[in-house]
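Colleague: how does the following fold in three dimensions:
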Amino acid sequence: MDQWLIGGLTVILAIFLAYGIFVFAATRGASSLQARAISIAKEKGGMTSAENFAVVTTNETVYSVSGKDAAGKAITVLIPKNSNQIQVIALSDGVSASSLNAGNAAVSLGLFKNQPIWEVNSANAFKIYDFKTGKELE
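Modeller: This is a model prediction of the structure:
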């Protein structure tokens, strides 16, 4: 009886250990990507403090880092995955994310056809809006 208990506990421990290693390996890549994007935003985009990071995928994948510049202005640095040409967007130059009435959806600044857009991503909908006008794009 004791051997069954020890064997069962060993199997359960092995499952938890394998799960922990899997989760660690899966999140390690994402956190290093985030750290690299924040570093680029600070070095090349003039960002002094990073507050938010998102991966936005429309017609291309863009790493979006939001924060503040040296003057305290809210900015987002957009870093295309397959390009070295970053874009620094002053959030005061377009409509605010809160004006989109997105509810609980995730709202991130990204690029669509090389133009800044708001991506609204919820469980049942994906929409993009022009950053300057707030109009929904198709």
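Colleague: show me where pLDDT drops low in the chain?
Modeller: 1, 26-30 (pLDDT under 70).
Colleague: all helices for it, in order.
Modeller: Using DSSP state H, the helices assigned to the chain run over residues 2-45.
Colleague: next, the buried residues of the lengthiest strand in it.
Modeller: Secondary structure assigned by DSSP state E gives strand 47-57 as the longest strand of the chain. For strand 47-57, the neighbour count (16 or more other Cβ atoms under 10 Å) marks 47, 50, 53, 54, 56 as buried. From N, CA and C alone the C-beta is placed, and that goes for glycine too.
Colleague: what does stretch 64-80 give?
Modeller: Those would be 64, 65, 66, 67, 68, 69, 75, 76, 77, 78, 79, 80, for stretch 64-80 by 16+ other Cβ under 10 Å.
Colleague: and the spatially most central residue of the chain, how far is that from residue 98?
Modeller: The residue lying closest to the centre of the chain (Cα atoms, centre = their mean) is residue 54, at 1.1 Å. Distance, residue 54 to residue 98, using Cβ to Cβ, to the nearest Å: 16 Å.
Colleague: ok, back up a step: what is the nearest of the buried residues of stretch 64-80 to residue 111?
Modeller: residue 78 (5.7 Å; Cβ to Cβ).
Colleague: identify the residues contacting the nearest residue to that closest one once chain neighbours are set aside.
Modeller: Leaving aside its sequence neighbours, residue 78 sits nearest to residue 87 (Cβ to Cβ, 6 or more residues apart in numbering; 4.5 Å). Contacts for residue 87 (Cβ atoms under 8 Å, 6 or more residues apart in numbering) come out as 77, 78, 111, 116.
Colleague: separation between residue 24 and residue 16?
Modeller: Taken as Cβ to Cβ, the span from residue 24 to residue 16 is 12 Å.
Colleague: to clarify, my last question referred to residue 97.
Modeller: 39 Å.
Colleague: okay, these two: which has more neighbours?
Modeller: residue 97 (18 against 10; other Cβ atoms under 10 Å).
Colleague: that one against residue 106, yeah?
Modeller: No. If you go by Cβ atoms under 8 Å, residue 97 and residue 106 don't touch, sitting 10.0 Å apart.
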